[in-house]
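1. model this:
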Amino acid sequence: MLETITLVNPETREEKEVKVNANLTAWTLFNLEKEKIISKAFLSTLLSTGNERSMDLLDSIRVVYAAYRQANGTDYLDFESFMKQYEVDMKEALEIFGAVLGKQKDKNKMAQGFQQKAGKKA
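-> All right, here's what the predicted structure looks like:
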(Lines give C-alpha, C1' and ligand atoms only; values in the text may rest on other atoms or scores of the structure.)
Protein backbone atom coordinates (compact mmCIF):
# COMPACT_ATOMS: atom_id res chain seq x y z
CA MET A 1 0.00 0.00 0.00
CA LEU A 2 1.23 3.46 -0.88
CA GLU A 3 2.22 5.59 2.07
CA THR A 4 3.06 8.76 0.13
CA ILE A 5 2.08 10.62 -3.02
CA THR A 6 3.73 13.56 -4.75
CA LEU A 7 2.09 16.96 -5.12
CA VAL A 8 3.51 19.46 -7.61
CA ASN A 9 3.26 23.23 -7.25
CA PRO A 10 1.84 24.33 -10.63
CA GLU A 11 3.78 27.61 -10.63
CA THR A 12 7.23 26.52 -9.45
CA ARG A 13 7.00 22.80 -10.43
CA GLU A 14 8.41 22.08 -6.96
CA GLU A 15 7.54 18.57 -5.82
CA LYS A 16 6.44 17.74 -2.29
CA GLU A 17 5.94 14.24 -0.96
CA VAL A 18 2.91 13.93 1.36
CA LYS A 19 1.53 11.04 3.40
CA VAL A 20 -1.62 9.06 2.58
CA ASN A 21 -3.50 6.50 4.68
CA ALA A 22 -6.18 4.22 3.20
CA ASN A 23 -7.47 3.32 6.68
CA LEU A 24 -10.27 5.88 6.49
CA THR A 25 -12.11 6.67 9.69
CA ALA A 26 -15.74 7.65 10.02
CA TRP A 27 -14.59 11.06 11.27
CA THR A 28 -12.61 11.77 8.10
CA LEU A 29 -15.51 10.67 5.87
CA PHE A 30 -17.98 12.69 7.99
CA ASN A 31 -15.88 15.84 7.66
CA LEU A 32 -15.40 15.40 3.91
CA GLU A 33 -19.15 14.92 3.48
CA LYS A 34 -19.83 17.98 5.66
CA GLU A 35 -17.39 20.00 3.50
CA LYS A 36 -19.28 18.75 0.40
CA ILE A 37 -16.17 17.08 -1.02
CA ILE A 38 -17.91 13.72 -1.03
CA SER A 39 -21.63 13.00 -1.18
CA LYS A 40 -23.80 10.50 0.65
CA ALA A 41 -24.15 8.56 -2.63
CA PHE A 42 -20.35 8.38 -2.87
CA LEU A 43 -20.17 7.15 0.73
CA SER A 44 -22.77 4.47 0.00
CA THR A 45 -20.77 3.25 -2.99
CA LEU A 46 -17.52 3.33 -1.04
CA LEU A 47 -18.93 1.49 1.94
CA SER A 48 -20.85 -1.09 -0.08
CA THR A 49 -19.30 -3.98 -1.94
CA GLY A 50 -18.84 -1.74 -5.02
CA ASN A 51 -16.05 -2.36 -7.46
CA GLU A 52 -13.28 -0.36 -9.04
CA ARG A 53 -14.93 -0.44 -12.48
CA SER A 54 -17.75 1.81 -11.24
CA MET A 55 -15.27 4.51 -10.19
CA ASP A 56 -14.98 7.65 -12.28
CA LEU A 57 -11.95 9.95 -12.41
CA LEU A 58 -13.26 12.46 -9.87
CA ASP A 59 -14.23 9.67 -7.45
CA SER A 60 -10.70 8.33 -7.66
CA ILE A 61 -9.29 11.78 -6.84
CA ARG A 62 -11.74 12.10 -3.94
CA VAL A 63 -10.49 8.79 -2.53
CA VAL A 64 -6.87 9.93 -2.90
CA TYR A 65 -7.80 13.19 -1.14
CA ALA A 66 -9.61 11.28 1.64
CA ALA A 67 -6.48 9.15 2.17
CA TYR A 68 -4.38 12.33 2.18
CA ARG A 69 -6.68 13.93 4.76
CA GLN A 70 -6.63 10.76 6.87
CA ALA A 71 -2.84 10.89 7.04
CA ASN A 72 -2.60 14.66 7.61
CA GLY A 73 -5.17 15.33 10.34
CA THR A 74 -4.60 19.02 11.00
CA ASP A 75 -1.97 20.17 8.49
CA TYR A 76 -3.52 19.70 5.05
CA LEU A 77 -4.42 21.51 1.84
CA ASP A 78 -8.06 22.27 1.12
CA PHE A 79 -9.58 20.22 -1.73
CA GLU A 80 -9.19 22.94 -4.36
CA SER A 81 -5.50 23.48 -3.54
CA PHE A 82 -4.94 19.72 -3.52
CA MET A 83 -6.62 19.38 -6.94
CA LYS A 84 -4.33 22.06 -8.36
CA GLN A 85 -1.24 20.20 -7.13
CA TYR A 86 -2.21 16.56 -7.66
CA GLU A 87 -1.11 15.31 -11.06
CA VAL A 88 -3.51 12.49 -11.79
CA ASP A 89 -1.89 9.08 -11.69
CA MET A 90 -4.58 6.45 -12.27
CA LYS A 91 -2.31 3.59 -11.19
CA GLU A 92 -1.68 5.36 -7.90
CA ALA A 93 -5.35 6.32 -7.49
CA LEU A 94 -6.51 2.76 -8.23
CA GLU A 95 -4.04 1.35 -5.72
CA ILE A 96 -5.39 3.65 -2.99
CA PHE A 97 -9.01 3.06 -4.04
CA GLY A 98 -8.38 -0.70 -4.10
CA ALA A 99 -6.87 -0.59 -0.60
CA VAL A 100 -9.91 1.29 0.73
CA LEU A 101 -12.35 -1.05 -1.05
CA GLY A 102 -10.39 -4.11 0.05
CA LYS A 103 -10.81 -3.12 3.66
CA GLN A 104 -14.53 -2.57 3.14
CA LYS A 105 -14.96 -5.92 1.37
CA ASP A 106 -13.16 -7.69 4.22
CA LYS A 107 -15.47 -6.01 6.73
CA ASN A 108 -18.53 -6.94 4.64
CA LYS A 109 -17.40 -10.60 4.49
CA MET A 110 -16.95 -10.64 8.25
CA ALA A 111 -20.40 -9.12 8.77
CA GLN A 112 -21.92 -11.67 6.37
CA GLY A 113 -20.22 -14.46 8.31
CA PHE A 114 -21.70 -13.18 11.57
CA GLN A 115 -25.13 -12.90 9.99
CA GLN A 116 -24.93 -16.47 8.68
CA LYS A 117 -23.89 -17.79 12.09
CA ALA A 118 -26.65 -15.82 13.80
CA GLY A 119 -29.19 -17.19 11.28
CA LYS A 120 -28.14 -20.78 12.02
CA LYS A 121 -28.60 -20.27 15.77
CA ALA A 122 -32.05 -18.74 15.40
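2. give the contact list for the residue nearest the centre of the chain.
-> Closest to where the C-alpha atoms of the chain average out (Cα atoms, centre = their mean) is Val63, at 2.9 Å. By Cβ atoms under 8 Å, 6 or more residues apart in numbering, Val63 lies in contact with 46, 55, 93, 96-97, 100. C-beta here means a position set from N, CA and C on the backbone, and glycine is covered the same way.
3. can you tell me how far it sits from Tyr86?
-> According to Cβ to Cβ, to the nearest Å, Val63 and Tyr86 sit 12 Å apart.
4. which parts of the chain are helices?
-> Remark: helices assigned in the chain by DSSP state H are 26-34, 40-47, 57-71, 79-85, 90-121.
5. of all these, which one is nearest Arg13?
-> Of all these, helix 79-85 sits nearest to Arg13, with 10.6 Å by Cβ to Cβ.
6. what about Tyr86, how many neighbours?
-> Other residues lying near Tyr86 total 20 when counted by other Cβ atoms under 10 Å.
7. leaving out sequence neighbours, find the closest residue to it.
-> Leu7 (5.9 Å; Cβ to Cβ, 6 or more residues apart in numbering).
8. what is the neighbour count of the one you found?
-> The tally of other residues near Leu7 (other Cβ under 10 Å) stands at 18.
9. name whatever forms a beta bridge with it.
-> Lys16, Tyr86 (DSSP bridges).
10. perfect, I'm done here.
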